[in-house]
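# I would like to see how this sequence folds:
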Amino acid sequence: MLTRRDFLKFVVGGAVGTLFSPLPWRMADEMVLFSQTWTYQPPKGKEKWVYTLCQLCPGGCGLKVRKIDDRVVKIEGNQLNPVNRGGLCPLGASSVQLLYGEHRRVKKPLKRVGERGEGKWEEIEWSTALNILTQKLQELRINGHGYTVACLDGYRNELVSGLIRRFCQAYGTPNYLTMPSGDETTSLVINALQGHEGHVGFDLENSDYILSFGSGLLEGWGAPVRMQIAYRYIYENPFKPKAKIIQIESRMSDTATRVDEWVGINPGTETALALGIAHVLIKQGIYNQEFINNYTAGFDSFKKLVLEQYKLERVSKITGVSKEDIIRIAKEFGQAKRPIAIWGRGKGDIPCGLYEIMAIHSLNALIGNINRKGGVICFNDPSETWWPEFGLDEIAKKTLSEPRIDTSKFPLITSLLYRFAENVNSQAHYKINALLIFEANPCYAAPDPALFIQALKNIPFVVTFTSFLDETAKYADLVLPAAFFLEKWEGITTPRGLQYPIFGVSKPVLKSPYDVKHPADVILTLAKNIKGIAQAMPWRNYKEVLKAAVKKLYQKGEGKLADKEYLVSLNLDGSSLPGSFEAMWEILNKCIWFNPNVKKEGFKTASGKFEFSPKELNLSHYEEWELKGEKEEFPLMLIPSERLMLTDGYLGNAPYMVKALPNTVLIKNDLVVEINPATAAKYHLIEGDKVLLKTPFGEAKVRVHISELVLQDVIAIPIGLGHNAYDEYLEGKGINAHQLLGYAKEKLTGIATWALSRANLIKI
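Numbering: from 1, shown residues only. I've put the predicted structure just below:
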């Protein structure tokens, strides 16, 4: 008989062993090029190891790269990096396949010669491409139409995002857009409740009770390898773990199977559950009264709301969680020494509602664990403050006064990609004449991709900077080949959720075999050639930008260099900064700068306290999402399922990762969705049946996997498959979940999420 303790020992050992053992990655190394070409022979030549930083996800892990002559043959984790401490995720291990993926890479600048979407190109020289781009942007700016240019930034924790924002401001367009994620809503909430505009971290390693509202801690949330290490640390002794972790979600994810408890919840009702837990904490007096009395404002109104409107009978009916479980969890949370409530659905890229994050974060305020050990940590990241000021010319001042094309009824929201697409299609505002897309794939990963594809067809001039021939490239006029992360300089900033700031310089480990450029260097070239914006971009190349940032960091004199190995323990020892900037620049070839003693930012609201009821937002409360379709036609709920072995967004899975998918995700080319046995019985389905999955946004044929890991009347669909681009290893496998999930909107803010959608199943 396998006891729970035996099971914990098994899964902890298995998870950590898989993560840190060299065996699977060595096998991947040997198969990397073999899977790309049958004629592969192991390279011979001089061996060399070089260091760099990964940029395939927000984690920014340290890497050691093995080269034979000038060919990369192996990638390992760098033990000098405190984020990944020598660990490596499957995506990082697959980097070599992505680097040498002959049929995926954009090798030269391409100019469209066919219709949008046909994928017909002619190769051109960089000089020709830059002339076309410069002439178009110059013409629009001189004619006073600079505001009709938009930039879509797909980067996440790279310094280049700051350069793109700076270019937009100097050029004179208010239309700086980002791919949707949970980060913007988090920033909005923390700003409103705490007056803080910087970074938000979660000190999970020092918490003793983690209440996770759908955060995929082992699926890639935040910095994926950091979370795997934190998990190993917490459950190092399965008989006496350092923390209790409760996972709240509608499908029992890998995270939920490996922590202490899974709480199944009706999709989209997390706000109500958080307020129900607050009800118990307040009613039974198990909250931090000293913190509430001295450091919060609006508590009386919040107390009145949760006691009157979130009684447990109502909360249980909304969420499907029993009253007994709500009471028990609330008591455990309130009586723990260092509890923390965290948010960020899945990997953190799926947007949460504003009131959802407010409600969850109110739990942290109730127990006073903000800017304290084991709690929510707020600080200012150095990368947000080092950029020098510059003046705007008269053209930019005028065009920046125009409203954004994606204007929300809620003024605090700064980027709504679906609203951008809607307004471009309806021409409700002004026309967008040019769109520049940086390392993003909205034609695959935007909410309701068909909406964005139509928008691209309505924009006269579209340019995409990308390493890969993805879905969005098919709809561009110019496809400009971006250097892959192993081929370029980059500045890596603090990843999502990390509780202290880092900064690293990622250096190229080889000269690209293709005719590529860093988009940052293209931006700097444009700035020199477009009249009026050169003063904002005084650097000759992106390497100079990075040097300037490091010099500013050095002059500040804070923090340490992570030049000691961190694999064995969670200590954050490091060396003091060296005696010169030049020495620091050289050392950053091998390690990163970090500051475990960063100044924590206090409450900077008008009251100088944590605001339970911020003026512009009012009190947190539960509202149903605005879902398309009628319940009678679509009686089921469709939710996304994220996996560590599935990447989403602009990348697309490497061949190795596709091959590693189980048959509960992909059977040959058929996508597999999960349903509960009771749902299967209702629809007369058996394991592996083919069904037609219908939503208000579309329909597709899929197979079903019957599992008790998903709630009744819920369908879980994997995200990350269904590409119609890249190469033969990925194209045509499964369906794109975004096409069926579409998006739901929060009533107040207009924030769109693809966390839930109405659906139906029809047996074929």
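
# may I see the buried residues of the longest strand anywhere in the chain?
Ranked by residue count under DSSP state E, the longest strand found in the chain is strand 698-706. Residues of strand 698-706 classed as buried: Gly698, Ala700, Val702, Arg703, Val704, His705, Ile706 (neighbour count, 16 or more other Cβ atoms under 10 Å). C-betas here are computed from N, CA, C, even on glycine.

# downstream of it, the next helix or strand is which one?
strand 714-718 (DSSP states H and E).

# give the rounded mean pLDDT of the next helix or strand after that following strand.
Next along the chain after strand 714-718, taking DSSP H and E as the criterion, comes helix 737-741. Across helix 737-741, pLDDT averages out at 97.

# tell me what helix 737-741 is packed against?
Counting contacts by 3 or more Cβ pairs under 8 Å, 6 or more residues apart in numbering; DSSP states H and E, helix 737-741 packs against helix 449-457, strand 636-641, strand 690-695, strand 698-706, strand 714-718, strand 757-763.

# the first one: how far from the chain's middle?
What that stands for is helix 449-457. Relative to its chain's centre, helix 449-457 lies at 22 Å (Cα atoms, centre = their mean, to the nearest Å).

# what angle do that helix and strand 698-706 make?
150 degrees (axes from the mean of the first three to the mean of the last three Cα atoms, to 10 degrees).

# packing partners for helix 449-457?
Other elements packing on helix 449-457 under the criterion 3+ Cβ pairs under 8 Å, 6+ apart are helix 417-426, helix 442-445, helix 737-741.

# out of those helices, deepest packed?
With neighbours defined as mean count of other Cβ atoms under 10 Å, the helices and strands packed on helix 449-457 peak in mean count at helix 442-445, which reaches a mean of 28.

# how far out from the middle of the chain is that one?
Counting by Cα atoms, centre = their mean, helix 442-445 comes out at 14 Å from the chain centroid.

# swap in stretch 723-739?
20 Å.

# contacts for it, please.
35, 101, 103-104, 444-450, 468-471, 473-474, 640, 652-655, 658, 665-666, 669-671, 697-698, 700, 702, 717-722, 754 (Cβ atoms under 8 Å, 6 or more residues apart in numbering).

# list only buried entries from those residues.
35, 101, 104, 444-449, 468-471, 473-474, 640, 652-655, 658, 665-666, 671, 697-698, 700, 702, 717-722, 754.

# could you dump the helices and strands packed on helix 737-741 to JSON lines with distance to Leu416 and mean pLDDT?
Shown next, in JSON lines, are the helices and strands packed on helix 737-741 (distance: least, Cβ to Cβ, whole Å; pLDDT from 0 to 100):
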{"stretch": "helix 449-457", "distance to Leu416": "12", "mean pLDDT": "96"}
{"stretch": "strand 636-641", "distance to Leu416": "19", "mean pLDDT": "98"}
{"stretch": "strand 690-695", "distance to Leu416": "21", "mean pLDDT": "98"}
{"stretch": "strand 698-706", "distance to Leu416": "22", "mean pLDDT": "98"}
{"stretch": "strand 714-718", "distance to Leu416": "24", "mean pLDDT": "98"}
{"stretch": "strand 757-763", "distance to Leu416": "18", "mean pLDDT": "97"}
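
# for Tyr155, which of these is the nearest?
Between Tyr155 and the helices and strands packed on helix 737-741, the tightest spacing by Cβ to Cβ is seen for helix 449-457, at 18.3 Å.

# in the closest one, what's buried?
Pro449, Leu451, Phe452, Ile453, Ala455, Leu456.

# contacts only, for the third one.
The contact partners of Phe452, taken as Cβ under 8 Å, 6+ apart, are Leu417, Tyr418, Ala421, Pro442, Cys443, Ala446.

# likewise for Lys48?
Taking Cβ under 8 Å, 6+ apart as the test, what Lys48 contacts is Arg66, Lys67.

# surely Asn433 touches Gly146?
No: using Cβ atoms under 8 Å, Asn433 makes no contact with Gly146, being 9.7 Å away.

# what is in contact with the two at once?
In contact with both Asn433 and Gly146: Leu140, using Cβ under 8 Å, 6+ apart.

# neighbour count winner among these two?
The neighbour comparison of Asn433 against Gly146 (other Cβ atoms under 10 Å) goes to Gly146, with 28 against 19.

# quick one: Val315 from Lys283, how far?
12 Å (Cβ to Cβ, to the nearest Å).

# these two - which one has more neighbours?
Neighbour count, other Cβ under 10 Å: between Val315 and Lys283, Val315 has more, with 25 against 16.

# per-residue confidence at that one?
What the model reports for Val315 is a pLDDT of 98.

# report the contact partners of it.
Ala272, Leu273, Leu275, Gly276, His279, Val321, Lys323, Ile326.

# could you do Cys57 as well?
With Cβ under 8 Å, 6+ apart, Cys57 has these contacts: Cys89, Leu91, Arg156, Gly220, Ala223, Pro224, Lys347, Thr647.

# reformat those residues as CSV; add neighbour count, secondary structure and pLDDT.
Formatted as CSV, these follow (neighbours: other Cβ atoms under 10 Å; DSSP: H, G, I helix; E, B strand; the rest coil; pLDDT from 0 to 100):
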residue, neighbour count, secondary structure, pLDDT
Cys89, 24, coil, 93
Leu91, 24, helix, 93
Arg156, 22, coil, 81
Gly220, 28, coil, 93
Ala223, 26, coil, 93
Pro224, 29, helix, 94
Lys347, 27, coil, 94
Thr647, 24, coil, 92
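
# ok, so of the residues you listed, who is nearest Leu133?
Checking these against Leu133 with Cβ to Cβ, the nearest one is Arg156 at 24.3 Å.

# shouldn't that closest one be in contact with Leu56?
No: using Cβ under 8 Å, Arg156 makes no contact with Leu56, being 10.1 Å away.

# so where's the stretch 501-650 of the chain shaky on pLDDT?
Low-confidence segments of the stretch 501-650 of the chain (pLDDT under 70): 566-570.

# residue boundaries of the strands in it?
502-506, 560-561, 593-594, 610-611, 636-641 (DSSP state E, counting those that start in this stretch).

# ok, the last one: who's next to it in the sheet?
I take that to be strand 636-641. Strand 636-641 sits in its sheet next to strand 714-718 (parallel), strand 757-763 (antiparallel), going by DSSP bridges.

# want to throw these into JSON lines with distance to Glu624?
Output for the strands paired with strand 636-641, formatted as JSON lines (distance: least, Cβ to Cβ, whole Å):
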{"stretch": "strand 714-718", "distance to Glu624": "16"}
{"stretch": "strand 757-763", "distance to Glu624": "12"}
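
# which one of those lies nearest to Leu400?
Across these, closest to Leu400 is strand 757-763 (Cβ to Cβ), at 36.7 Å.

# so how far is that closest one from its chain's centroid?
Distance of strand 757-763 from its chain centroid, counting by Cα atoms, centre = their mean, is 28 Å.
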